[in-house]
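>>> Give the three-dimensional model of this entry:
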Amino acid sequence: MTSSEEVTVTATGETRDVQSIDQKLLLESTPGTSPIAILGHLPSVSITSADPYGAYEWAVRISIRGFNQNQLGFTLDDVPLGDMSYGNLNGLHISRALIDENLGKAALSQGTGSLDTASTSNLGGAVQFFSTDPNDKRGFTAQQSFGSFNGSRTFARYDSGLLSTHTKLFIDGVYQTSNKWRGEGPIRQSYFQFNTKLQQFVGSKGVLTVYADYSNRQEVDYQDENKLWVKQFGYKTDNFGDWNTSLQAANAYNAQGGGGHVFAGIPTVFPGSIPQIQSGFGDLSNDPEDVGYYAAGGLRKDFIGYVKYNTAITSHLTSKTTVYGHHNNGAGLWYTPYVPTVDTFLNPVSPISERTSEYRIARGGILSALTYDTGRNTLEGGFWFEKESFDLARRYYGTTPQGPGRSIYDTPVFPFWTQWAYNFPTNLFQVHLQDSFHITPSITVAAGFKTSETYTTGTLVGYNVGVNLAPTDSAANYAQGKLTSGKPFLPQVGVNFKMRGNNEVFADVAENVRAFQAGGKGFGTSPWGTTQAGFNALTSNLKSESSWSEEGGFRHTDNHIQAQASYFHVNFYNRLLAIQQGPGIAGNASILSNVGGVTTNGVDGAITARLHNGWTFYNALTYSNSTYDSDYNASATTVIPTGGKTVVDAPKFLYKNELSYTKKGFDAHIGSDFMSKRYFTYTDDNSVDGRFLGNFGTSYHVDEIGPFDQLKLQLNVYNFASTKYWGTIGTNGFVASDPTSIANNTLQPGAPRAITGTFTVKF
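Numbering: from 1, shown residues only. The predicted model follows:
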């Protein structure tokens, strides 16, 4: 396809399933839309979120062929971004690493991923993001957007152009703010971000690139819901955002069976219409205490940068080396009714405290590769080394009956209690070697392998620090120790056969492995989320999660049609599951277990047809069936019947389409996105229905008008029918069974219609 088109549904000559989106598609979307959300145009890609832009990190999810984002690999300009999890232990979200307008391209390897991808989590494929280079021409761009929910976004970029020193650079920044579409009180979401990139040409063969990103993101959480609450209290039910109401809910919980101190002068019935889900005073069966809190949020400050040098050593030999660093400070905040604020003598002060999950990442690494190309044979090899220190702590900060004491947008200081704090130093090393050989002009065989080893040590820094809220606690209740994950030999083999008429077939197989996750109690599938005795028992037989992927397909490419159809088969084995001991939000210790495997079979296809007179039609269809291979034991006496059940959050059918029209300075596109039913329990005893969304966008620009290079007006409409649907599921994890949808509050209603208008000027 030409560079002006949006979705590349196939990559000619590849031995793997590779598809991409370019900058044009991102620029036609609503400004501020996450690059992750843009990937939802591709087949086999399921994107869910709770906001219109896919930018709210707690709820944005990407799933590909039965694997969620924690089992995928992500890089920016080859620099590792980790696994895109909310509490990221080894990276950061792409929206914090790159301003959206600076995305040049995103390439998705949906099955096997590339051997040179710097990732320890890419069981189910990899996403490689690439930033734009500075422009050769000097210029300035300013963009202003206004939209639904008091949305405002300001972006500005300056390009130096190519200077006489053979240097060019850009510097840009963005400030965005909008309200949540549901909720009261503190509901403002905002972020500020700064990017700069410099390229220095060294002679005729070398390019030195320097990139830096700073991001300051403030998010207020949408409340995790269940079906009962939304049915009873309405589609827009959310946290209270009012302090007195929150005090009443917490005091009512304690008075009606919660066991905590009951404060005089504060009502002991739940506020508003919450008593409607109770049979009477003291009935907590439908979880009235969790219907709403005062607020919750996420604060993240990141700095990431790299220095890269690419050069041609000879006419056949090239090299590239990247040195990078990343620092993160972050906190997840929640005003909890389960731990009261107390003074130094343990006297209750307030029925609510502010609980935090606090993160700090300091990591740096180097990637280097050599490529030898003879035209018929391409041999490439390289290594990746990273050293990291990851800090994670669970702390509590005081409130008063008069107020929370601080803004949800402020990082709290001076905790009255630190429940626990960990440090995880990690070293990882990967080596890869691959060869692509053209046996004939029509047949190409690619083969290679990588070695991946990760060494992580969990060290308990402290527990029960401050007031003595846990007098019986001990170090034995926390896991410490060292684990090694990875494999010395992970092969990948592929073949491509070009036929007549711009047709080709391809096939490949690959094995991948996922490193163990660092984390404390209640954090994902971390081996350190248990007791010391539990950790010691795990280390004797714990195996890294691994996958074996097979895929094959057909491609056709010409000036009018790009099409691809693929079949895929995946065996995911040594699947680790942290079996929760109590509600997920409580943060209790989990029991990590190997619960068997998952088998995925499916087909997908996409076609882009360039019609006459500026019309383009895109279609993508996926059928994917991911099922658990066996039952698993939740305890010595409890067997969870998951064998043959469909994997959670893995829709079987996906369908996307888009009709677009371009003529001179006018662009318009309308598209739809269908996703079938998704289960949110491991036994498939509860699910959310399929959903169908429609989106629309149009723009008009004029070039070379007066002193301006370009003036542009743009309008975008998300969910133009304002369909009510379930967005993200599993935000609070998954449980074995929840037939009434009250055992685990883990659903997010999808956003209603959102309209955004944008004005852009370039000069």
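
>>> C-alpha from now on. contacts and neighbour counts both.
Will do.

>>> mind checking the SS state of residue 737?
coil (DSSP: H, G, I helix; E, B strand; the rest coil).

>>> ok, now residue 140?
strand.

>>> Run a quick neighbour tally on residue 226.
Using other Cα atoms under 10 Å, residue 226 has 20 other residues around it.

>>> State the distance from the residue lying closest to it once chain neighbours are set aside to residue 539.
Leaving aside its chain neighbours, residue 226 sits nearest to residue 745 (4.9 Å; criterion: Cα to Cα, 6 or more residues apart in numbering). Distance, residue 745 to residue 539, using Cα to Cα, to the nearest Å: 32 Å.

>>> Between those two, tell me which one has more neighbours.
Neighbours per residue, other Cα under 10 Å: of residue 745 and residue 539, the larger number sits with residue 745, 27 against 14.

>>> so what's residue 344 closest to, chain neighbours aside?
Per Cα to Cα, 6+ apart, closest to residue 344 is residue 467, 5.8 Å.

>>> Quick check, pLDDT for residue 7.
For residue 7, the pLDDT comes out at 70.

>>> Can you say which helix or strand has the residue nearest to it when sequence neighbours are not counted in it?
Of all residues not flanking residue 7 in the chain, residue 21 sits nearest, at 4.7 Å (Cα to Cα, 6+ apart). According to DSSP states H and E, residue 21 maps onto strand 18-22.

>>> May I have the strands that pair with that strand, each with its orientation?
In the sheet, strand 18-22 lines up against strand 7-8 (antiparallel), strand 103-109 (antiparallel) (DSSP bridges).

>>> Enumerate every residue touching the residue nearest to residue 344.
Residue 467 is in contact with 343, 344, 345, 346, 416, 417, counting by Cα atoms under 8 Å, 6 or more residues apart in numbering.

>>> contacting residues around the closest residue to the first one other than its chain neighbours?
Meaning residue 343. Sequence neighbours aside, residue 349 is the residue nearest to residue 343 in space, at 6.6 Å (criterion: Cα to Cα, 6+ apart). Residues near residue 349 by Cα under 8 Å, 6+ apart: 340, 341, 342, 343, 399, 400, 401.

>>> confidence score at residue 349?
For residue 349, pLDDT reads 97.

>>> and it, that one's in a helix?
No. Under three-state DSSP, residue 349 sits outside any helix and is assigned strand.

>>> next SSE after the helix or strand harbouring residue 388?
Secondary structure assigned from DSSP H and E places residue 388 in strand 377-397. Remark: after strand 377-397, the chain's next helix or strand is strand 417-440, criterion DSSP H and E.

>>> and the helix or strand that that next one is followed by with strand 417-440, angle?
Following strand 417-440 in sequence order, the next helix or strand is strand 443-466 (DSSP H and E). With axes from the mean of the first three to the mean of the last three Cα atoms, to 10 degrees defining the directions, strand 443-466 sits at 170 degrees from strand 417-440.

>>> show me where the stretch 1-150 of the chain has strands.
With DSSP state E, counting those that start in this stretch, the ranges of strands along the stretch 1-150 of the chain come out as 7-8, 18-22, 45-48, 61-64, 67-68, 73-76, 79-80, 103-109, 126-131, 139-147.

>>> Could you save these as CSV and add columns showing distance to residue 251 and mean neighbour count?
Listed next are the strands of the stretch 1-150 of the chain as CSV, based on distance: least, Cα to Cα, whole Å; neighbours: other Cα atoms under 10 Å:
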stretch, distance to residue 251, mean neighbour count
strand 7-8, 54, 22
strand 18-22, 52, 22
strand 45-48, 35, 24
strand 61-64, 35, 24
strand 67-68, 38, 23
strand 73-76, 45, 24
strand 79-80, 46, 25
strand 103-109, 49, 19
strand 126-131, 47, 23
strand 139-147, 39, 18
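
>>> so which of those strands gets nearest residue 462?
Nearest to residue 462, of all the strands of the stretch 1-150 of the chain, is strand 79-80, at 30.1 Å by Cα to Cα.

>>> If you count contacts, what does the closest one end up packed against?
Here strand 79-80 touches no other helix or strand, going by 3 or more Cα pairs under 8 Å, 6 or more residues apart in numbering; DSSP states H and E.

>>> Verify the stated contact: residue 159 with residue 138.
Yes. Residue 159 is in contact with residue 138 according to Cα atoms under 8 Å; the separation is 5.2 Å.

>>> Which one of these two is surrounded by more residues?
residue 159 (22 against 16).

>>> and the nearest residue in space to residue 84 that is not next to it in sequence, how many neighbours does it have?
Closest residue to residue 84 apart from its sequence neighbours, by Cα to Cα, 6+ apart: residue 93 at 5.2 Å. Applying other Cα under 10 Å, we find 20 residues neighbouring residue 93.

>>> can you tell me which helix in the chain is longest?
If you go by DSSP state H, the chain has its longest helix at helix 243-253.

>>> avg pLDDT for that helix?
98.

>>> Note down every partner strand of the next helix or strand along the chain from it and its orientation.
Per DSSP H and E, helix 243-253 leads on to strand 296-312 as the next helix or strand towards the C-terminus. Note on strand 296-312: by DSSP bridges, its sheet partners are strand 206-220 (antiparallel), strand 317-336 (antiparallel).

>>> Those strands into a markdown table, with extra columns for mean neighbour count, distance to residue 408 and mean pLDDT?
Shown next, in a markdown table, are these (neighbours: other Cα atoms under 10 Å; distance: least, Cα to Cα, whole Å; pLDDT from 0 to 100):
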| stretch | mean neighbour count | distance to residue 408 | mean pLDDT |
| --- | --- | --- | --- |
| strand 206-220 | 20 | 8 | 97 |
| strand 317-336 | 21 | 8 | 97 |
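
>>> Any chance of JSON lines for these, columns distance to residue 472?
Converted to JSON lines, the strands paired with strand 296-312 look like this (distance: least, Cα to Cα, whole Å):
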{"stretch": "strand 206-220", "distance to residue 472": "35"}
{"stretch": "strand 317-336", "distance to residue 472": "22"}
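
>>> May I have the residues that are in contact with the residue positioned nearest the centre of the chain?
The centre of the chain sits closest to residue 84, judged by Cα atoms, centre = their mean, with a distance of 3.8 Å. Residue 84 makes contacts with 69, 70, 74, 91, 92, 93, 94, as judged by Cα under 8 Å, 6+ apart.

>>> Of those residues - the most surrounded one?
For the contacts of residue 84, neighbours tallied by other Cα under 10 Å; top is residue 74, 29 neighbours.

>>> So in terms of bridging, what pairs with the closest residue to it other than its chain neighbours?
Excluding its sequence neighbours, the residue lying closest to residue 74 (Cα to Cα, 6+ apart) is residue 127, at 4.9 Å. Residue 127 has the following beta-bridge partners by DSSP bridges: residue 74, residue 108.

>>> Which pLDDT value goes with the residue nearest to residue 226?
We have a pLDDT of 96 for residue 745.
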